[in-house]
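S.K.: Give me the fold of what follows.
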Amino acid sequence: MSSVSISPSTLSSPRPNSAFSVRKAMSTRFINRRGFLGQANCALISALPIMNTLLNLRLAGSAAAQETGNNDYKALVCLFLSGGNDSFNMLAPRGAAYQEYSGIRGPIAIPEAQLRPINPLVDPGRPLGLHPALEGLQSLFESEDLAFVANVGTLVETVTKAQYNAGQNLPLGLFSHSDQIEQWQTSIPDNRSGIGWGGRMADLLKSLNQENRFSMNISLDGSNVWQAGNTIAEYAIRDTGADSMTGYNSAYVAGQHASQVRSAALDSQMAVEYDNIFQKSFAKSKKDALAAYDAFTAATTVTLPSNITWPDTRLADQLKMVARTIAGRGTLGMRRNTFFVNYGGFDHHSALLPNQAAMLPVVDGAVKAFWDTIKAIGAENEVVLYSGSDFGRTLTSNSQGSDHAWGGNQFVLGGQVKGRRIHGSYPDLHADSILDVGRGRLIPTTSVDEFFAEMALWLGVSRSNLPLVLPNISRFIDINGTAAPVGFLL
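M.R.: Okay, here's the model as predicted:
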């Protein structure tokens, strides 16, 4: 069954000015078609809020293959910084290489004295520092919990500047927000796809979970391509928890208020045994949706460690809900999860320095509180968080901002991460670099396929099944070999 994606904003409430009538439930055990349709229209119930919940449930179907694994738990968290984070100001050269950096960046270079120094265990070829707002990430790097992967981006295959200039083997819509966001989520840069690599991964791994009322893929940002599979849809929740059916309250008291009438009507529908298979399936789906909501809510209503201070930001609230779900993993019966969290607004064509100075502390504080919590609940070896973004940005300035580019730097965090290292190859930043295709747009030296393959293997996908998750992976690694795609995970 193909995945279905519907924006939550279109499902939030019944349409205004629609005519609805309240019908009394039939007293007989079975109900006919007319009675069913009458009840389906009652109490201001539109199909859309119901379908919002139903489509959050894991869709039925069998995966192309099923993986096996030990009786463990693993969660992969994608933190997507949408808009195109200027990551060469997130991780910038210091020392002798600083002049090269400041020379090409001009007015958008961070003063060297403000960069937070880091001390990698393996020499990356030049001293590096973090954006001054990243105090938490600096401490996580130094404690070997966090690493950076340098110059990552979408690639059809390894490409040279000459091939770029000839227009050969380039990702579709290179430098375009919509295309590059899609390709970061599908890992298919040479074709359009509505199926994400996280969804294809869940198609393979879903049988590891004992609980089948929830998708393995949980989104804190509604529908997304990354978690859409052939047999899997994301389970979309809010930073406050799961959503029940719109307007339904299981603890209602009989009355004439719209919510009371709506709740009574739904209970009436679910109490009837229908003779039509569609009616029966529809009623069962509503029961399953409510049961899933109750189970998820009970499992994630946990008390997190009180000695950790969470920032008062939406991103922190989202990651706190991820932490709650991970804390409830045993009750939920889950062995594998992916989580999607999005923080947007990084398209800084102007005022780059003040904008990053305002936004990166939000990332830093939320990620630090999240990781402190994950360690406090003893799940640090079971969780990996990685950052992603549409693309890197031009090294040259556009007035006081930067433009859409290609390769960029990302971070990965986890107890199984080979931390305090710069993985991949941090590029030369001078204007005549062999990677610079114009204005400081750098050809990636690590493909997103390699980046994602490392995490897919960690989550439990077998090496032989990597092409089912990442169709182009054999263009970058030997899937019959044993070498790690990048090497940032133990």
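S.K.: got the domain boundaries for the chain?
M.R.: Domain assignment for the chain, taken from automatic domain parsing, gives 8-18+26-59+245-296, 74-243+307-475.
S.K.: The ones you listed: which one's closest to G481?
M.R.: Minimum separation from G481 across those (C-beta to C-beta) falls at domain 74-243+307-475, 8.3 Å. In this view, the C-beta of every residue, glycine as well, is placed from N, C-alpha and C.
S.K.: Tell me which stretches of the stretch 251-400 of the chain form helices.
M.R.: In the stretch 251-400 of the chain, the helices defined using DSSP state H, counting those that start in this stretch lie at 258-271, 277-300, 314-327, 329-332, 352-376.
S.K.: Give me the contact list for the third one.
M.R.: The contact list for helix 314-327, computed with C-beta atoms under 8 Å, 6 or more residues apart in numbering, reads 75, 77, 79, 218, 220-221, 237-241, 299-302, 304, 310, 332, 337, 339, 341, 343, 362-363, 365-367, 369-370, 373-374, 377, 379, 382-383.
S.K.: hmm, back to that, using a markdown table, please lay out the domains of the chain together with distance to G481 and mean neighbour count.
M.R.: A markdown table is the format used below for the domains of the chain (distance: least, C-beta to C-beta, whole Å; neighbours: other C-beta atoms under 10 Å):
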| stretch | distance to G481 | mean neighbour count |
| --- | --- | --- |
| domain 8-18+26-59+245-296 | 34 | 16 |
| domain 74-243+307-475 | 8 | 21 |
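S.K.: Which one of these lies nearest to G487?
M.R.: Nearest to G487, of all these, is domain 74-243+307-475, at 6.0 Å by C-beta to C-beta.
S.K.: The domains of the chain into a markdown table, with extra columns for distance to V486 and mean pLDDT?
M.R.: Shown next, in a markdown table, are these (distance: least, C-beta to C-beta, whole Å; pLDDT from 0 to 100):
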| stretch | distance to V486 | mean pLDDT |
| --- | --- | --- |
| domain 8-18+26-59+245-296 | 30 | 58 |
| domain 74-243+307-475 | 5 | 98 |
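S.K.: would a markdown table of the ones you listed with distance to T482 be doable?
M.R.: Rendered in a markdown table, the data for the domains of the chain read as follows (distance: least, C-beta to C-beta, whole Å):
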| stretch | distance to T482 |
| --- | --- |
| domain 8-18+26-59+245-296 | 33 |
| domain 74-243+307-475 | 8 |
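S.K.: Quick check, central residue of the protein?
M.R.: When C-alpha atoms, centre = their mean is applied to the chain, the residue found nearest the centroid is F340 (2.4 Å).
S.K.: Name whatever forms a beta bridge with that residue.
M.R.: C78, S219 (DSSP bridges).
S.K.: and it, what is it in contact with?
M.R.: C78, F80, G198, N217, I218, S219, L220, D221, N224, W226, Q227, E234.
S.K.: For F148, which three-state class applies?
M.R.: Secondary structure for F148, judged by DSSP: H, G, I helix; E, B strand; the rest coil, is strand.
S.K.: OK, contacts around it?
M.R.: Taking C-beta under 8 Å, 6+ apart, we find F148 in contact with L91, F141, N409, Q410, F411, V412, R421, I422, H423.
S.K.: Go through those and flag which are in helices.
M.R.: F141 (DSSP state H).
S.K.: In strands, which of the contacts of F148 fall?
M.R.: Judged by DSSP state E, strands contain the following of the contacts of F148: L91, N409, Q410, F411, V412, I422, H423.
S.K.: Would you format those as JSON lines with distance to M321 included?
M.R.: Below are those laid out as JSON lines (distance: C-beta to C-beta, whole Å):
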{"residue": "L91", "distance to M321": "28"}
{"residue": "N409", "distance to M321": "27"}
{"residue": "Q410", "distance to M321": "23"}
{"residue": "F411", "distance to M321": "21"}
{"residue": "V412", "distance to M321": "21"}
{"residue": "I422", "distance to M321": "31"}
{"residue": "H423", "distance to M321": "29"}
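S.K.: Of these, which pair is most distant in space?
M.R.: Across those (C-beta to C-beta), the longest gap, 12.7 Å, separates L91 and V412.
S.K.: For the stretch 151-300 of the chain, just list every one of the strands.
M.R.: 217-219, 235-236 (DSSP state E, counting those that start in this stretch).
S.K.: Same list (the ones you listed) but as TSV, adding distance to A265.
M.R.: Putting those into TSV (distance: least, C-beta to C-beta, whole Å) gives the following:
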stretch	distance to A265
strand 217-219	29
strand 235-236	25
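S.K.: what about stretch 155-173, start to end distance?
M.R.: This stretch, stretch 155-173, spans 12 Å end to end (C-alpha to C-alpha, to the nearest Å).
S.K.: Start and end of stretch 119-132, how far apart?
M.R.: Start-to-end span of stretch 119-132 (C-alpha to C-alpha) is 15 Å.
S.K.: With stretch 422-434 instead?
M.R.: 21 Å.
S.K.: Surely N381 touches V417?
M.R.: No. Counting by C-beta atoms under 8 Å, N381 does not reach V417; the two are 10.0 Å apart.
S.K.: what sits up against the helix or strand hosting Q99?
M.R.: Element membership for Q99, per DSSP states H and E: helix 98-105. With contacts defined as C-beta under 8 Å, 6+ apart, helix 98-105 is touched by 88-89, 92-93, 109, 112, 395-397, 428-431, 440.
S.K.: let's go with 10 Å and repeat that
M.R.: The contact list for helix 98-105 (C-beta atoms under 10 Å, 6 or more residues apart in numbering) reads 86, 88-89, 92-94, 108-112, 115, 126-129, 352, 394-397, 402, 428-431, 433, 436, 439-440.
S.K.: Could you check the angle it makes with helix 352-376?
M.R.: Interaxial angle, helix 98-105 versus helix 352-376 (axes from the mean of the first three to the mean of the last three C-alpha atoms, to 10 degrees): 120 degrees.
S.K.: Figure out how far helix 98-105 is from the centre of its chain.
M.R.: Chain-centre distance of helix 98-105: 33 Å, with C-alpha atoms, centre = their mean, to the nearest Å.
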